[in-house]
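J.: Based on what follows, work out the 3D shape:
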Amino acid sequence: MTQADLTGVPETALWTLHHRAAEAARPDTVLPDPHAVQLVAELEFPFEERLGTVRPWVAQAIALRALGFDRVVRDFLALHPDGTVIALGEGLETQFWRVDNGSVRWVSVDLAGPLALRERVLPHGPRQRLIACDVRATTWLAHVDASRGVLVTAQGLLMYLQRAQAIGLLAACAGAFPGGTMVFDTVSRRFSARTRAGAKGPGGHRLPAMSWGMDASERHQLHTVHPAVTEVTDVPLPAGRGLVGYLAPRAGTLPLLRGDRPLITRLRFGADPRPGETPPPARRSAPDTHH
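T.: Here you go, the predicted model:
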């Protein structure tokens, strides 16, 4: 067995894995993920003691989020079969093996500790590349081949950055990858405040403070992070099982949920206008239902 020695924010990779594997082990799972199940069995880590008891509804919600990201990746690969997916702060996510079409190029950018663990416990082939780097430094941008199309993913990452750092990262990606796409998730302002106040999650685990929260009513402001941002759209959660699975894709229409819900957002990047040029007209984001 391999010892997992992550702490602090990197430890959230184990929390997410813990829940995703629990959902994947169900016969009626919404997200088949044998690599996640195998990882939990092989890692030497006190999951229950350190991360709390898995609540089935939380596990399904985590899996539906992953499935939402998977669908964006598959949409991208349908247009760019040999394109490059850059997974920021990927931790122990096993998305590559869920969506691999046999030709995608995959770049994992993460801190040295989580990346070293990832390399030890997951198989890697010639189309996968690991870059040990703090994503906020953006030095990794210069080491990515964007010639075949680029999709940047940031799942469970940006909420742990300060707002200025998150916006700076979005802007850097927009400037570096004209014609590219980025997809990321955020928590609400209220949920961010609860984690900063030390509130525990449903399983009794205290998650690290989430510094950045964004409500749906603020999402249109992402058009201004960089002139190359041409489209800001919502990525709805897929439907799933039971009440959670029914509510997930409808959360934006329900008064009790729409103002305090996690969001998945897709940005599309146009050409980066040179000084003196007029930027291309931006497409308006799909209106949030509570506007």
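
J.: and the helix or strand of the chain with the lowest mean pLDDT, how far from the chain's centre?
T.: Lowest mean confidence among the helices and strands of the chain (mean pLDDT, DSSP states H and E): helix 255-258, at a mean of 78. Remark: helix 255-258 is offset 22 Å from the chain centroid, using CA atoms, centre = their mean, to the nearest Å.

J.: Adjacent strands (with direction) for the next helix-or-strand element following that helix?
T.: Moving toward the C-terminus from helix 255-258, the next helix or strand (DSSP states H and E) is strand 263-269. Sheet pairing of strand 263-269 (DSSP bridges) gives strand 181-186 (antiparallel), strand 229-234 (antiparallel).

J.: average pLDDT for strand 263-269?
T.: In this model, strand 263-269 has a mean pLDDT of 98.

J.: So what touches that strand?
T.: Contacts with strand 263-269, where a contact means CB atoms under 8 Å, 6 or more residues apart in numbering, come from 65, 68-69, 72, 170, 173-174, 177-186, 188, 214, 216, 219, 222, 226, 228-237, 283. Yep, even glycine has a C-beta here, placed from its N, CA and C like the rest.

J.: Same check on stretch 122-129?
T.: If you take CB under 8 Å, 6+ apart as the criterion, stretch 122-129 is touched by 35, 39, 92, 94, 96, 103-108, 130.

J.: Put the buried members of the contacts of strand 263-269 into a ChimeraX selection.
T.: Buried residues among these (16 or more other CB atoms under 10 Å), as a ChimeraX selection:
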select :65,68,69,72,170,173,174,177,180,181,182,183,184,185,186,188,214,216,219,222,226,228,229,230,231,232,233,234,235,236,237
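
J.: Please convert the strands paired with strand 263-269 to TSV, extending it with mean pLDDT and distance to residue 142.
T.: Shown next, in TSV, are the strands paired with strand 263-269 (pLDDT from 0 to 100; distance: least, CB to CB, whole Å):
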stretch	mean pLDDT	distance to residue 142
strand 181-186	98	17
strand 229-234	97	21
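
J.: Adding distance to residue 262 as columns, could you present these in TSV?
T.: Listed next are the strands paired with strand 263-269 as TSV, based on distance: least, CB to CB, whole Å:
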stretch	distance to residue 262
strand 181-186	6
strand 229-234	11
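
J.: Thank you, goodbye.
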